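In: Coordinates only, no sequence provided:
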């Protein structure tokens, strides 16, 4: 059974870069045909898709965040990384790592990690 665990700083200052890691266990991130995705939920708002990385390492990000988003992976550590640059308080949210499986439906979630952007 796959498990995902997000980690990163809980507090980031405006204009800095937010870096989060998703450690995956129970499955290799190179396993066909799974995608690993980042999703966030700001206070009082719905889920927002940030982007994903495929089993071959291709990435795609939400158009609204694309210019600030970088998603990468370390296959030796079986980890996914999210970098979000030039953060503002509007980036305050709970950030989730999730896996998409058959039909690109999410079949596993991390527990989420709270990120607050504040000076």
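Out: Thanks, I have it. What you see is a predicted model, and the numbers here were worked out from it, not measured in a lab.

In: could you give the mean pLDDT of the helix or strand harbouring residue 114?
Out: Following DSSP states H and E, one finds residue 114 within strand 113-117. Computed over strand 113-117, the mean pLDDT rounds to 98.

In: Show me what counts as buried in that strand.
Out: The neighbour-count check on strand 113-117 (16 or more other C-beta atoms under 10 Å) flags 113, 115, 117 as buried. Heads up, the C-betas are built off the backbone N, CA and C, glycines and all.

In: just stretch 82-92 next, same as before
Out: Across stretch 82-92, burial judged by 16+ other C-beta under 10 Å covers 82, 84, 87, 91, 92.

In: Likewise for stretch 32-46?
Out: Neighbour-count burial for stretch 32-46 [16+ other C-beta under 10 Å]: 34, 35, 36, 37, 38, 39, 40.

In: same deal with stretch 95-113?
Out: For stretch 95-113, by 16+ other C-beta under 10 Å, it's 95, 96, 97, 98, 99, 100, 108, 110, 112, 113.

In: For the protein, which segments count as strands?
Out: 3-7, 11-12, 18-25, 35-41, 47-54, 59-61, 69-74, 79-84, 93-100, 106-109, 113-117 (DSSP state E).

In: Not counting sequence-adjacent ones, nearest residue to the most centrally placed residue in the chain?
Out: Closest residue to the average C-alpha location of the chain: residue 38 at 2.9 Å, with C-alpha atoms, centre = their mean. In this structure, residue 38 finds its nearest non-sequential neighbour in residue 50, 4.1 Å apart by C-beta to C-beta, 6 or more residues apart in numbering.

In: quick one: contacts for that neighbour?
Out: Residue 50 makes contacts with 37, 38, 39, 40, 61, 62, 65, 69, 71, 82, 84, 95, as judged by C-beta atoms under 8 Å, 6 or more residues apart in numbering.
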